[in-house]
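S.K.: I'll drop the sequence and a predicted model, then ask my questions.
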Amino acid sequence: MGKPREKKIGRCLLTGEVGPFAKSHIIPDAFMRRASDAPLKEWDGTGRPKRSFTGWYDTGILGHTGEAIIAKYDDAAAKCFIDHGYTYRSRRDPLNLGVLTDKLIPRQIYEIANVNAKTMHLFALSLLWRAAVSTLPACSLITVRPKRLEEIRARLLAGDPGPPDEFPAYFSVFCGAEELPKMAPFQMGQPTFACRFFLDGVVCYVSPRKHARGLAAFESFFVGRCSDVVNLVCVPSDTSQHARRVKEQVVELFDQHGDIFRGGSRVGNFSSNS
């Protein structure tokens, strides 16, 4: 038997406590489930795709107490989106994993009731905070001013996201017969008006600015405007910015590394070595 791996010790970036670091997912593991078995090829937008079992995680940002705080927000989001059938894992045809079976209508507004909207706002803030403090290449496009990052940290620690129009967040859902591949988070706009996080068919948009610019058209969807409801804007996947960005990345990926799937088996949008 090999020697047990020593646990990395340091200061939790959320609580300030010193102790062993936890294995902290940037995108919660519940939103990274593929149609086929791990390991799979994962690309963070930089370098060559790597084998991955559980998606992007960082072992240098959260201690176990901090991880437990974040996990509460992740669990609430999973119950909201997965249990209500909006993620891809809930919509796959069991007889053909590459096909989605849903009746979502483009440009329709879907309402999820009986949820704690403040907790969902905290979830969105936690995604932004995790990505901004992480040193993973997959999170390199997410930046937040130190002063604002500290404000967000304090809100996560206190369990209070603040008013819905401060660091506002809203959600959308993709419809279509074929699922879009996973994508690393990135910032939108010049200057940035939102950071975008792909959650297995659901998308979270959250502003790194305390007082957002460029989101006026989405104010009615800001999570927290209604205390027990979350709204999702339905977006057609085939004409989405996500689809266009994927096509651009595929060209870039093949130009740099050739056919990364050669010698592997492909299921839907995901691949694993045979």
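M.R.: Done, it's in. Numbers count the residues shown, from 1 in each chain.

S.K.: what about residue 101, how many residues close to it?
M.R.: Taking other C-beta atoms under 10 Å as the criterion, the count of residues near residue 101 is 12. In short, each C-beta sits where N, CA and C put it, glycine included.

S.K.: I'd assumed residue 92 was in contact with it.
M.R.: Yes: the criterion here is C-beta atoms under 8 Å, and residue 101 meets it with residue 92 at 7.4 Å.

S.K.: what distance separates the start and the end of stretch 198-207?
M.R.: 15 Å (C-alpha to C-alpha, to the nearest Å).

S.K.: Please enumerate the helices of the stretch 51-200 of the chain.
M.R.: Counting by DSSP state H, counting those that start in this stretch, the stretch 51-200 of the chain has these helices, from start to end: 64-81, 88-91, 117-133, 146-158.

S.K.: Most tightly packed of these?
M.R.: Comparing those by mean neighbour count (mean count of other C-beta atoms under 10 Å), helix 117-133 ranks first with a mean of 25.

S.K.: what distance separates it from the centre of its chain?
M.R.: Using C-alpha atoms, centre = their mean, to the nearest Å, the mean C-alpha position of helix 117-133 is found 10 Å from that of the whole chain.

S.K.: Give me the angle between that helix and helix 64-81.
M.R.: Between the direction of helix 117-133 and that of helix 64-81, the angle (axes from the mean of the first three to the mean of the last three C-alpha atoms, to 10 degrees) works out to 120 degrees.

S.K.: Which elements pack onto helix 117-133?
M.R.: In terms of contact count using 3 or more C-beta pairs under 8 Å, 6 or more residues apart in numbering; DSSP states H and E, helix 117-133 is assigned the packing partners helix 64-81, helix 146-158, strand 169-175, strand 194-199, strand 202-206, strand 229-236.

S.K.: Give me the distance from the longest one to the chain's centre.
M.R.: Looking back up the chat, that one is helix 64-81. Helix 64-81 sits 13 Å away from the centroid of its parent chain (C-alpha atoms, centre = their mean).

S.K.: Which neighbouring elements make contact with it?
M.R.: Secondary-structure packing of helix 64-81 (3+ C-beta pairs under 8 Å, 6+ apart): strand 24-25, helix 117-133, helix 146-158.

S.K.: Mind checking these for the one nearest to residue 242?
M.R.: Using C-beta to C-beta as the criterion, the shortest distance between residue 242 and these is 16.4 Å, found for helix 117-133.
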